[in-house]
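>>> Can you look at this prediction? I've put the sequence above it.
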Amino acid sequence: MATVLYPLKFKPIFKEKIWGSRKIKEELGLDYGNLPNCGEVWLLSGLWEEQSEVLNGDFAGDEINDLVETFMGDLVGEGVFDRFGEQFPLLIKIIDANDWLSVQVHPDDELAEKRELGNGKTEMWYVMRADPGAELVAGFNCEMNRMKYIRIMKDNAIESVLNREKVRQGDVFYLPAGRVHALGPDIMVAEIQQTSDTTYRIYDWDRIDLAGMKRELHVAQALDAIDFDPVAHYKTPYEDALNKTVPVIDSPYFTTNLLHLSGEMAKDYSELDSFVLLMPVEGKFSLEWENGSIFVKAGEVVLIPNVIEKVNIKAPEGCKLLECYIN
């Protein structure tokens, strides 16, 4: 008898970073072992060289792309499989910063393909926690063009033109490929992005590592990736509402909604040709479907296969979670 698909949880992949903190362990309870810090935990990755392994059930130990190859549209949706093939198309992370991340930019699909880098990298951040006064960088604070940017970089004056945004818990930032950005200290974010690990670092705050070295910059490679067009508002507005599905981001690469639950909510995904990811950003919930149930807490993500059309989400103590799929 063939094994029936079920909601999947995954073994976390921990990443030490020069700017990393310790809150992934202290606040989320995720044990990253002997690492001195943990800047990122990858909750679900389809990168060929760093695939996530299933944590629960009959498929425990199997890699996500092997399951995509086996179950195809039943797992990810027919349209998603036709578009992305055997590689799971999203990378889900939590980032915990104790210092500024580098100022960086990512290529879009067209440039990534031209440079044989796989996918481009469009992403979003949901702020899970932020200390008072915490800031991040998104875009420029003035009109910018290619020649002006080149002059500013030659003068080592990039800090003066970066747009800084004060952040607090619950803020959302959509970061399409091409947008210059940097996460600041004392912020933890949930990140949803295309499956890509291509980053062009254009400025690193003149930081020196433990070996007395500066990290490599990619100023020349980044030039053709940067989108210089002005943006009126960098923070994504949405209306938080209890026990409703609140739209937050709708892009070609992922759709993300916020569910702020107190009690329970029934979800019917029968009209959706996609997997669904549920990621708690506050609290915990139980997920019930026809053949079982599973418990999910902040610091985890659960993948609901396309063939599971109806689920029930229960959060008697209250929970906020991101619901993500591909339209």
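Here it is on my side, so go on.
>>> correct me, but residue 243 touches residue 267?
No: using C-beta atoms under 8 Å, residue 243 is not in contact with residue 267; the gap is 12.0 Å. No exception for glycine: its C-beta is placed from N, CA and C like everyone else's.
>>> neighbour-wise, which of the two wins?
With neighbours defined as other C-beta atoms under 10 Å, residue 243 and residue 267 compare such that residue 267 has more, 17 against 12.
>>> What residues does the residue nearest to the more buried one when sequence neighbours are not counted make contact with?
Leaving aside its chain neighbours, residue 267 sits nearest to residue 311 (5.2 Å; criterion: C-beta to C-beta, 6 or more residues apart in numbering). Residue 311 is in contact with 7, 266, 267, 269, 287, 288, 289, 304, counting by C-beta atoms under 8 Å, 6 or more residues apart in numbering.
>>> so which of the residues you listed is the most crowded?
Per-residue neighbour counts (other C-beta under 10 Å) across those peak at residue 304, which has 26 neighbours.
>>> Tell me the bridge partners for that one.
residue 276 (DSSP bridges).
>>> so it makes contact with residue 279?
No: look at residue 304 against residue 279 with C-beta under 8 Å: they stay out of range, at 11.6 Å.
>>> Would you confirm that residue 227 contacts residue 149?
No: judged on C-beta under 8 Å, residue 227 makes no contact with residue 149 at a distance of 11.1 Å.
>>> The two: who's more crowded?
Neighbours of residue 227 and residue 149, each counted by other C-beta under 10 Å, are more numerous for residue 149; the result is 19 against 15.
>>> Make sure the more buried one is indeed in a helix.
Yes: assessed by DSSP: H, G, I helix; E, B strand; the rest coil, residue 149 belongs to a helix.
>>> Who are the contact partners of it?
Counting by C-beta under 8 Å, 6+ apart, residue 149 has contacts 223, 226, 228.
>>> And the pLDDT for it?
Per-residue pLDDT puts residue 149 at 98.
>>> all helices in the stretch 101-250 of the chain, in order from the N-terminus.
Along the stretch 101-250 of the chain, counting by DSSP state H, counting those that start in this stretch, helices occupy 109-114, 146-154, 219-223.
>>> Domains in this protein, by residue range?
With domains defined by automatic domain parsing, the chain comprises 13-223, 245-325.
>>> For the helix or strand harbouring residue 263, enumerate the helices and strands it packs against.
Assigned by DSSP states H and E, residue 263 belongs to strand 255-268. Packing partners of strand 255-268 (3 or more C-beta pairs under 8 Å, 6 or more residues apart in numbering; DSSP states H and E): strand 123-130, strand 245-250, strand 276-289, strand 310-325.
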